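**Q** requesting a structural model of the entry that follows:
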Amino acid sequence: SLELNGEEKISILEISDILPKSEIICNIFSDKINVNIKLICRIDTKKELDYFKSGGILQYVLNSIIQKAWQFYMHQYDSNISAILGPTNTGKTYLAFNKLFSYKSGIFGFPLRLLARENYDKAIKKIGINSVALLTGEEKIFPKEAKYFFCTVESMPTNIEAECVIIDEVQLAADYERGHIFTDRILNFKGTFETIFLGSNSIKNILIKIYPKIKIENYERLSKLIYLPKQNISKLKPRSAIIAFNINKIYELAEILRTHKGGAAVILGSLSPRTRNAQVEIYEEKKVDYMVATDAIGMGLNLNIKHISFSSFQKYDGRVNRNLFTSEIAQIAGRAGRYKNDGTFGYTKEATSLDSLTIQAIESHNFDDIQKIYWRNFDLDFNSINTLLASLKQFPIKGYFIHKKNAEDELNFRLLINDNDIKKFLQTR
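**A** The predicted structure follows:
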């Protein structure tokens, strides 16, 4: 048998004599699926016969079966899957948060530790500290009675079953660094009663390709997002946030604001939870009127920001220093203006200018559809180092998946297996 999707398996029931047009009859089965598929493997030459006997053609046929089974599964069992899509400030997260508590248990996956923490704190106030867990790369608060889990996408517990599963910012499946993790959660992490995806409209077509019966709700932004011409930092109005993509630049801007405006909060993903929360608090309580932050605030942090100013439109994405995509600029700029209060965006004089088409796209929330998302084999074989490395090389079966190579965990693993101090402790099963 061959693992397909965690629980589904393919078993070869019968292989006829290896003759031209050999038939391979398979059964795909699980709790939900039980269907036979018959494939005809045409063998016309001795070379093809030898290739079959060596397993080459058989592997090709098995891959065909996997594709058919995958399509069958996705088409038949996606009726309890929905998506809430739209730009920033549409109330998507608020709606999903309340929906989660209509079930007896739930898991909510977020793109940021800060966002997971923010919603965890809200959940505590709503249902009490003993019913809620927080799971991120740096914090783990896990009461024994916990029924609702607020996590970063990477930390979503795969060994816990929940009635409702919600995944936020699913368009990040197209992100080079983390996209394969979001794709894995989209494909393999389901609630027993309902699964909800939150994100931008740009991911809509991909979701429909994966789940043809998915129910999609589109939401409009609750307030306007308006462009303002570039400004000097000294002329920024209160409740403004300046965005920078370099840690040295962040502290330089914070010092300028301290000199001219009396101070600024600093929001960085690398800060400890206590420090970050303290910085958010001094801004929200208006002890300071300005903020300097990375693009992390673009992923849904609910802060009272009226204006977003970019100090640059370039960032290092893990490979190269590149220009921001229009959708990325919009995601960050959209943090300005909460609920029905309009927001504005612009840039400082040291940033390159935005062209009129980009500005129009941001104001109207109109962006190109995502064509492909990153994928990596999730059914990893840990029997030996070689089998694990081989399973990481497996290619996707769909044209809209990009095979993710050299993810951070894979690179670290390759370093470790070549470390003489560690190699002696490595064992096969």
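**Q** which parts of this protein are helices?
**A** Counting by DSSP state H, one finds helices in the chain at the ranges 46-53, 56-76, 92-100, 113-127, 179-188, 204-210, 247-261, 273-284, 326-333, 356-364, 385-392, 408-417, 420-423.
**Q** distance to residue 198, mean neighbour count and mean pLDDT added to those, as a markdown table?
**A** In this view, the C-beta of every residue, glycine as well, is placed from N, C-alpha and C. What follows is the helices of the chain, written out as a markdown table (distance: least, CB to CB, whole Å; neighbours: other CB atoms under 10 Å; pLDDT from 0 to 100):
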| stretch | distance to residue 198 | mean neighbour count | mean pLDDT |
| --- | --- | --- | --- |
| helix 46-53 | 47 | 13 | 56 |
| helix 56-76 | 20 | 16 | 55 |
| helix 92-100 | 5 | 18 | 94 |
| helix 113-127 | 11 | 19 | 92 |
| helix 179-188 | 11 | 22 | 95 |
| helix 204-210 | 11 | 18 | 95 |
| helix 247-261 | 28 | 16 | 90 |
| helix 273-284 | 22 | 16 | 85 |
| helix 326-333 | 13 | 22 | 90 |
| helix 356-364 | 20 | 15 | 91 |
| helix 385-392 | 29 | 15 | 88 |
| helix 408-417 | 25 | 12 | 91 |
| helix 420-423 | 40 | 9 | 83 |
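**Q** output the ones you listed as a markdown table; include the columns distance to residue 308.
**A** Output for these, formatted as a markdown table (distance: least, CB to CB, whole Å):
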| stretch | distance to residue 308 |
| --- | --- |
| helix 46-53 | 59 |
| helix 56-76 | 38 |
| helix 92-100 | 19 |
| helix 113-127 | 17 |
| helix 179-188 | 24 |
| helix 204-210 | 25 |
| helix 247-261 | 13 |
| helix 273-284 | 14 |
| helix 326-333 | 5 |
| helix 356-364 | 11 |
| helix 385-392 | 39 |
| helix 408-417 | 29 |
| helix 420-423 | 45 |
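**Q** of all the ones you listed, which one comes closest to residue 155?
**A** helix 113-127 (8.1 Å; CB to CB).
**Q** quick one: contacts of that closest one?
**A** With contact meaning CB atoms under 8 Å, 6 or more residues apart in numbering, helix 113-127 is reached by 93, 97, 101, 108, 110, 131-139, 141, 148, 150-152, 168, 267, 269, 273, 276-277, 280, 296, 299-302.
**Q** tell me which residues touch residue 216, please.
**A** 82, 83, 85, 204, 207, 208.
**Q** which residue, other than its chain neighbours, is closest to residue 193?
**A** residue 163 (4.6 Å; CB to CB, 6 or more residues apart in numbering).
**Q** give the contact list for that neighbour.
**A** By CB under 8 Å, 6+ apart, the residues touching residue 163 are 103, 104, 105, 106, 191, 192, 193, 194.
**Q** ok, 7 Å please
**A** 103, 104, 105, 106, 191, 192, 193 (CB atoms under 7 Å, 6 or more residues apart in numbering).
**Q** quick one on the thing from earlier: filter the contacts of helix 113-127 down to the buried ones, ChimeraX style.
**A** To isolate the buried ones among the contacts of helix 113-127 in ChimeraX, judged by 16 or more other CB atoms under 10 Å, type:
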select :93,97,108,110,131,132,133,134,135,136,148,150,151,152,168,267,276,280,296,299,300,301,302
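**Q** from the contacts of helix 113-127, which ones fall inside strands?
**A** Counting by DSSP state E, these place 108, 110, 132, 133, 134, 135, 141, 148, 150, 151, 152, 267 in strands.
**Q** now, which of those residues sits nearest residue 355?
**A** Closest to residue 355, out of all of the ones in strands among the contacts of helix 113-127 and judged by CB to CB, is residue 267, at 28.5 Å.
**Q** the closest residue in space to that closest one that isn't next to it in sequence - how many residues pack around it?
**A** Spatial nearest neighbour of residue 267, chain neighbours left out: residue 293 (3.9 Å); criterion: CB to CB, 6+ apart. Residue 293 has 29 neighbours, counted by other CB atoms under 10 Å.
**Q** closest one to residue 236 among the helices of the chain?
**A** Across those, residue 236 has its closest neighbour in helix 247-261 (7.7 Å, CB to CB).
**Q** now do the residue nearest to residue 139 when sequence neighbours are not counted against residue 249, distance only.
**A** Sequence neighbours aside, residue 273 is the residue nearest to residue 139 in space, at 5.8 Å (criterion: CB to CB, 6+ apart). Counting by CB to CB, to the nearest Å, the separation of residue 273 from residue 249 is 23 Å.
**Q** next: residue 158.
**A** 38 Å.
**Q** try residue 416
**A** Separation of residue 416 from residue 249 (CB to CB) stands at 34 Å.
**Q** ok, now residue 241?
**A** The spacing between residue 241 and residue 249, counted by CB to CB, is 14 Å.
**Q** likewise residue 292?
**A** Residue 292 sits 9 Å away from residue 249, going by CB to CB.
**Q** swap in residue 165?
**A** Noted for residue 165: a distance of 38 Å to residue 249, by CB to CB.
**Q** centroid-nearest residue for this protein?
**A** residue 182 (3.4 Å; CA atoms, centre = their mean).
**Q** ok, and the closest non-adjacent residue to that residue?
**A** Distances taken as CB to CB, 6+ apart place residue 173 nearest to residue 182, at 4.0 Å, with adjacent residues excluded.
**Q** same question, residue 241
**A** Nearest-residue entry for residue 241: residue 291, 4.2 Å, with adjacent residues in sequence omitted and distances by CB to CB, 6+ apart.
**Q** what sits against the one you found?
**A** Listed by CB under 7 Å, 6+ apart, the contact partners of residue 291 are 241, 264, 265, 267, 283.
**Q** and the least confident of those?
**A** Least confident entry in those, by pLDDT: residue 267, with 86.
**Q** go ahead and confirm that residue touches residue 279.
**A** Yes: the pair residue 267 / residue 279 is scored as a contact, 5.8 Å apart, by CB atoms under 7 Å.
**Q** picking that back up, got the confidence number for the residue nearest to residue 267?
**A** 90.
**Q** now do the contacts for it.
**A** Contacts of residue 293 (CB under 7 Å, 6+ apart): 241, 243, 267.
**Q** list just the nearest of those to residue 311.
**A** residue 243 (6.4 Å).
**Q** partners of the closest one in the sheet?
**A** residue 293, residue 310 (DSSP bridges).
**Q** tell me how far it lies from residue 412.
**A** Per CB to CB, residue 243 is found 30 Å from residue 412.
**Q** swap in residue 273?
**A** Per CB to CB, residue 273 is found 24 Å from residue 412.
**Q** and if you look at residue 289?
**A** According to CB to CB, residue 289 stands 42 Å off from residue 412.
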